[in-house]
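>>> Below is the sequence, then the predicted model.
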Amino acid sequence: MHSVTLNAVREHAMHPPPDGGAAQPISRQALHHAVMDRLRRMIAEGILPPGEHLNERALCEQLGVSRTPLREALKMLAVEQLIELLPNRGARVVTLSARDIADAFELLSGLEALAGELACERITQAEIDEIQALHSAMDACHANGDLSGYFDCNQRIHDRINAAARNPALTQMYQSVNRRLQALRFRSNLHAGKWEQAIEEHVAMLRALRQRDGGALSRLLRGHLMAKCATVLANVRAAA
């Protein structure tokens, strides 16, 4: 069993390895997209928690960029409903209500269930092998108590299953809804018992995918997401 604290997660994200963490300067290529990706991760990992007002000067210094690409990134994140732009008051991270959370998870669970069913019909062996490799990497992160690395591998697995469905409209909607829930999904694994449960569920998902059992994978994915939803809502109630 592993114990992970939110402070440890924040420390990891604020002082990551040199290969691309939150505090590393961003290259000038596609700058506002890179800033947007970095801010998404900071929101997901709780470095920028719900309700927090964003200090433009501090973010510019931290990311090594000027205000122009930062503001472009903030506009795009507002479209994704990850932040709110406040007239004459800057921006803040969106806070979701319990009803917002339940509705979004319900929708996402249906999208993932459909993606799993279609993926079993359309996935290639090479794609299955890639998901297996990601699963092994995810296991290694779990063994090391690396929640940030685990979450990254976990998200890639779900993204690969979704991509294997070969339905761009489904993928677009999935990405839109999932971005709103990433921070909550990340925090749901801070409790060791829930993290262990998630690992077991992923083992069953991989087995169903290898067997190309669309019905089983669909049920597993829906159940996996709704279990996350229950954990998240319990955390919200406890915090309140």
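Happy to help now that I have it.
>>> Count the residues that sit near Ala165.
By the criterion of other C-beta atoms under 10 Å, Ala165 has 22 neighbours. For glycine as for every other residue, the C-beta is placed from the backbone atoms N, C-alpha and C.
>>> That one: what's it in contact with?
114-116, 118-119, 122, 171 (C-beta atoms under 8 Å, 6 or more residues apart in numbering).
>>> And it, how far from Tyr174?
With the distance defined as C-beta to C-beta, to the nearest Å, Ala165 ends up 9 Å from Tyr174.
>>> Tell me how far Ser176 lies from Gly214.
To Gly214, Ser176 is 24 Å away according to C-beta to C-beta.
>>> picking that back up, what's the overlap in contacts for Ala165 and Tyr174?
Ala115.
>>> quick revisit: return the closest of the contacts of Ala165 with respect to Leu221.
Gly116 (4.5 Å; C-beta to C-beta).
>>> Not counting its neighbours along the chain, what's nearest that closest one?
Closest residue in space to Gly116, ignoring its immediate chain neighbours: Leu217 at 3.8 Å, by C-beta to C-beta, 6 or more residues apart in numbering.
>>> and Thr124, how many neighbours does it have?
Thr124: 9 surrounding residues under other C-beta under 10 Å.
>>> What separation do you get for the residue lying farthest from the centre of the chain and Glu45?
Largest separation from the mean C-alpha position in the chain: Asn88, at 30.2 Å (C-alpha atoms, centre = their mean). In this view, Asn88 and Glu45 are 29 Å apart by C-beta to C-beta.
>>> Contacts only, for Ile199.
Contacts of Ile199 by C-beta under 8 Å, 6+ apart are 138-139, 142.
>>> do Gly215 as well
So Gly215 contacts Glu117 (C-beta under 8 Å, 6+ apart).
>>> what's the helix or strand for it?
helix 214-239 (DSSP states H and E).
>>> Any buried residues in that helix, and which?
214, 216-222, 224-225, 227-229, 231-232, 235-236 (16 or more other C-beta atoms under 10 Å).
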